[in-house]
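**Q** sequence unknown, structure follows:
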């Protein structure tokens, strides 16, 4: 019995660890900074080329600033695309598995009358079954002339 218990404890811890790691895919500022450093390192040759052109006089200050800002924008766009694509892929995988995400939450429908047996919402009067049962009971107990219109003390009393 103990190995079974340990098995279930390990399984729960494993599932909790896996789900805890995979649910938060939103990029953090640290991830953005780290990836930006990596992408800048990949584009370092282009930064060096711009610096050489500026120092040799091939580019004016305005041209250099414009080219530098365009290269910086290219790096930022690549970083954003990489991280947000990763996030979108993870969210799509969660949605395909039926796991709720912030943009696809679980749709909870409250019970309506007659849906849940044994609850306050399943009144037999609502769906008509109670009226039918009560009517059959009154007919059976009252005899054949129960609803004949000849009841004592009513307007239809035959005097």
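**A** That came through, no problem. Note that the coordinates shown come from a computational prediction; the quantities given were computed from them, not determined experimentally.
**Q** C-alpha only now, for contacts and for neighbours.
**A** Noted.
**Q** tell me how far residue 45 lies from residue 51.
**A** Here the criterion is CA to CA, to the nearest Å. By it, residue 45 lies 10 Å from residue 51.
**Q** compare those two (neighbour count), which wins?
**A** Applying other CA atoms under 10 Å to residue 45 and residue 51 shows that residue 51 carries more neighbours, namely 15 against 11.
**Q** so how far is residue 64 from that one?
**A** Going from residue 51 to residue 64 by CA to CA gives 8 Å.
**Q** ok, residue 25 touching residue 93?
**A** No: proximity of residue 25 to residue 93 does not meet the contact threshold set by CA atoms under 8 Å, at 11.4 Å.
**Q** quick one: which of these two has more around it?
**A** With other CA under 10 Å as the criterion, residue 25 and residue 93 differ in neighbour count, and residue 25 comes out ahead with 15 against 12.
**Q** kindly list the longest helix within the protein.
**A** As assigned by DSSP state H, the longest helix anywhere in the chain is helix 61-96.
**Q** give me the mean pLDDT for that one.
**A** In this model, helix 61-96 carries a mean pLDDT of 90.
**Q** number of residues surrounding residue 36?
**A** Neighbour count for residue 36, taken as other CA under 10 Å: 19.
**Q** I should have written residue 90 there, sorry.
**A** The number of residues near residue 90, taken as other CA under 10 Å, comes to 17.
**Q** and the closest residue to it other than its chain neighbours, what are its phi and psi?
**A** Counting by CA to CA, 6 or more residues apart in numbering, the nearest residue to residue 90 once its immediate chain neighbours are dropped is residue 25, at 6.8 Å. The phi/psi pair for residue 25 (degrees, to the nearest 10) reads phi -110, psi 10.
**Q** perfect, I'm done here.
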